[in-house]
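J.: The sequence and its predicted three-dimensional model are supplied below.
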Amino acid sequence: MQPRSAAGRRRPAGSGLLAGWVLVLASTLGAGAATATGPGLQPAKGRFLIAERDLRDPNFAETVVLLTAYDEAGAMGLIVNWPTAAPAAELIPEVEGIERRSDTVYVGGPVARQLLLMLVRSETDLEQAERVFGDVHLSTSSELLRRLVSGQVEVSEFRLYSGYAGWAAGQLDRELAVGGWKVLPAESDLVFGDDPDSVWPLLIERGDVKWTQRLDTAALAPAP
């Protein structure tokens with residue numbers, strides 16, 4: 001997958017993307033119990049959705065989505081393997097010190113692309129952020145971003161996303177039922193890896209192996 005530039009994206013009025021930040025933390029939906037049915041790992045907060053090879057929706061083809069929320073109200077997540085060529089310094093120049101960083105913004109999903117969200121890697125809990133799984137936290141806080149950039153808060157790393165992926169109640173379950181996605185455990189190293197183009201090929205193959213291992217070979221034996 002080639003990086004898709006955000007250079008032509010229309011910016012909201014006001015002082016850059018930070019002017020459009022709203023609270024869309026996973027707590028708005030909650031972790032919730034999985035309601036999808038069928039074999040294999042079920043969707044849940046802190047798991048990956050892997051787009052199947054024949055998923056043609058241009059918003060999600062060959063994507064890996066980290067679910068940040070999943071329950072009876074719907075689901076929310078961030079695409080973790082869709083980098084753009086847009087430097088964060090150009091999109092949010094009002095953040096002091098951001099010009100000294102080389103971060104580019106990722107496309108988080110097709111919903112509310114004018115909003116900026118952030119995944120932060122930290123072993124410890126963070127104010128103004130919610131833990132998604134392990135050492136990965138979700139935040140929409142411009143104040144936390146400023147503190148990270150200035151070095152007031154020390155974390156392993158963080159990544160910025162424009163927009164997010166969202167599903168209404170039952171919508172993701174229906175997509176799973178028709179084979180649009182595989183579900184796998186999320187991994188921090190893949191969320192923050194330096195080769196996002198390799199993430200989907202790696203996980204789609206891994207998902208195929210897991211599916212094959214679940215087959216009941218005895219049931220497939222030839223009839224006597």
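T.: Sure, I can see it.

J.: any chance you could map the helices in the chain?
T.: All helices of the chain, identified by DSSP state H, fall at 88-91, 142-150, 171-177, 188-191, 199-214.

J.: any chance of these in a markdown table, plus distance to residue 52, mean neighbour count and mean pLDDT?
T.: Just so you know, the C-beta spots here come from the backbone N, C-alpha and C atoms, and that holds for glycine as well. Below are the helices of the chain laid out as a markdown table (distance: least, CB to CB, whole Å; neighbours: other CB atoms under 10 Å; pLDDT from 0 to 100):
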| stretch | distance to residue 52 | mean neighbour count | mean pLDDT |
| --- | --- | --- | --- |
| helix 88-91 | 31 | 19 | 94 |
| helix 142-150 | 34 | 19 | 96 |
| helix 171-177 | 10 | 17 | 96 |
| helix 188-191 | 18 | 17 | 98 |
| helix 199-214 | 8 | 14 | 78 |
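
J.: Could you name the stretch from these that's closest to residue 54?
T.: helix 199-214 (11.2 Å; CB to CB).

J.: before we move on, the earlier item: now the helices of the chain in a markdown table, with distance to residue 128?
T.: Formatted as a markdown table, the helices of the chain follow (distance: least, CB to CB, whole Å):
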| stretch | distance to residue 128 |
| --- | --- |
| helix 88-91 | 18 |
| helix 142-150 | 4 |
| helix 171-177 | 27 |
| helix 188-191 | 19 |
| helix 199-214 | 27 |
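
J.: pLDDT weak spots in the chain?
T.: 1-40, 209-224 (pLDDT under 70).

J.: Could you pull out the strands in it for me?
T.: Along the chain, the stretches classed as strands by DSSP state E are 47-51, 64-71, 74-79, 83-87, 104-107, 111-121, 130-133, 136-139, 157-168, 181-185.

J.: Report the angle between the third one and strand 64-71.
T.: Angle of strand 74-79 versus strand 64-71, following axes from the mean of the first three to the mean of the last three CA atoms, to 10 degrees, is 160 degrees.
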